[in-house]
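In: below is the sequence, then the predicted model.
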Amino acid sequence: MSSDILRYFDDLELILAIGEKVARVNQASAPSLETISHPIAIRQPAGRLAALSGSFNPLTIAHGALILRALESGVVDEVSVVIAVHTIDKVESEGASLSDRLISLVCLARDQAKVSVAVTNRGLYAEQAAAYRRSFPGIGELFFLVGYDKIVQILDPRYYQNREQALGELFRQARLIVAPRGEGDLAALERLLSEPANKPFAGGVSWLPLEESYRRLSSSEIRRHAGLDADHYGVSPYAKPLIEAGAYSTDPAVRRRYELRGQLIEALTATPAGERSKVDFRELMRWLRAGDERIKPVLEAVEGENSTPALLAALTRAGLAG
């Protein structure tokens, strides 16, 4: 595991900051968006921003390739990778936490100057477009970067009370850049857009070629093979700490270890800042990953009484809090 990437997952202040942004956007009633890092595009006159929306559970090398291909195309100035708190047609009760998935994206953005990260409270693209426009009125052109399977979903009338109105609003604010996915190639896209109900929106859709090797990589496939080789199944290097932490494990003991990470973070979130600052969170996480026997009293405090004084006392006795 790369220690350089791992340190982001062990950064309690980053975790807490992300948690605050997620809570803020989740509480908003209107379509809203919070940035984890700010896009370059909004600082340029008529900047061109492409949003790549998904659950990234986990982030794959196909996601990374799609981002790079979009930037290399010259069509956009920056890609904003965004996770919706509530994702259309997806249940995220398994796998990595929202916070950890956002951290994997932060690691990706750290190495790509033209990539930024955001979280939104809307799953529909039309509402996400409204959130982007409201948050960044300086954007000149807004695109959504999608796979072929996603444009099929976007054009599906089942997701709308008034399809024409919703899609009209989406294409008034943004355009779609479509990449191949599975059997969905350029010919399939052309057939889809030639359907009478879809023709009015065809002018707002363009094609982005992508290498054949990425077409069948998917996060769901990775989750189904969680115990196998992460490299073989296309896990992004930025998400490998989550694989190794047990976020996708089918072994109850390993999965429980990952769940305990979440419980510890939740308990520390509720701890007063002054007391929390005394906790050596990085060492605490190192002990948890290693299954160190010394962490048992801390875990018992979290799983048992689950009070701040009990947790701080256990951390102090373990030498993890000053």
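Out: Great, that's in hand.
In: only the buried residues of the longest helix along the chain, if you could.
Out: Looking across the chain with DSSP state H, the single longest helix is helix 252-269. Buried residues in helix 252-269, defined by neighbour count with 16 or more other Cβ atoms under 10 Å: 254-255, 257-258, 260-261, 264-265, 267-268. No exception for glycine: its C-beta is placed from N, CA and C like everyone else's.
In: number of residues surrounding the residue nearest to P272 when sequence neighbours are not counted?
Out: Residue nearest to P272 in three dimensions, not counting chain neighbours: T308, with 7.6 Å by Cβ to Cβ, 6 or more residues apart in numbering. Counted with other Cβ atoms under 10 Å, the neighbours of T308 add up to 16.
In: show me where pLDDT drops low in the stretch 151-300 of the chain?
Out: Low-confidence segments of the stretch 151-300 of the chain, defined by pLDDT under 70: 226-232.
In: all strands for it, in order.
Out: 175-179, 205-207 (DSSP state E, counting those that start in this stretch).
In: JSON lines for those strands, including distance to V117?
Out: As requested, those are arranged in JSON lines below (distance: least, Cβ to Cβ, whole Å):
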{"stretch": "strand 175-179", "distance to V117": "19"}
{"stretch": "strand 205-207", "distance to V117": "24"}
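In: that older thread, okay if I get the buried residues of helix 252-269 as TSV plus distance to L242?
Out: Formatted as TSV, those follow (distance: Cβ to Cβ, whole Å):
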residue	distance to L242
V254	12
R255	12
R257	12
Y258	8
L260	15
R261	10
L264	16
I265	14
A267	20
L268	19
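In: most distant residue from the centre of the protein?
Out: Distance to the chain centre peaks in the chain at R317, reaching 36.4 Å (criterion: Cα atoms, centre = their mean).
In: is it true that it touches K296?
Out: No - assessed by Cβ atoms under 8 Å, R317 is found out of contact with K296, at 11.3 Å.
In: quick one: low-confidence ranges for the stretch 1-150 of the chain?
Out: For the stretch 1-150 of the chain, applying pLDDT under 70 flags the ranges 1-3, 39-45, 87-93.
In: quick one: the strands in it, in order.
Out: 33-35, 47-53, 78-84, 115-120, 139-147.
In: I222: which of those strands is closest?
Out: Of all these, strand 139-147 sits nearest to I222, with 15.5 Å by Cβ to Cβ.
In: adjacent strands (with direction) for the closest one?
Out: Strand 139-147 has the following strand partners under DSSP bridges: strand 47-53 (parallel), strand 175-179 (parallel).
In: looking at those strands, spot the one closest to S116.
Out: strand 47-53 (8.7 Å).
In: what angle do the closest one and strand 78-84 make?
Out: 30 degrees (axes from the mean of the first three to the mean of the last three Cα atoms, to 10 degrees).
In: need the residues that contact strand 47-53.
Out: With contact meaning Cβ atoms under 8 Å, 6 or more residues apart in numbering, strand 47-53 is reached by 39-42, 63, 66-67, 70, 75-84, 118, 120, 125, 128, 132, 136, 138-146, 174, 177.
In: and stretch 195-204, which residues are buried?
Out: Across stretch 195-204, burial judged by 16+ other Cβ under 10 Å covers 198, 201, 204.
In: okay if I get these as JSON lines plus distance to S99?
Out: Putting the buried residues of stretch 195-204 into JSON lines (distance: Cβ to Cβ, whole Å) gives the following:
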{"residue": "N198", "distance to S99": "37"}
{"residue": "F201", "distance to S99": "35"}
{"residue": "G204", "distance to S99": "34"}
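In: fine by me, we can end here.
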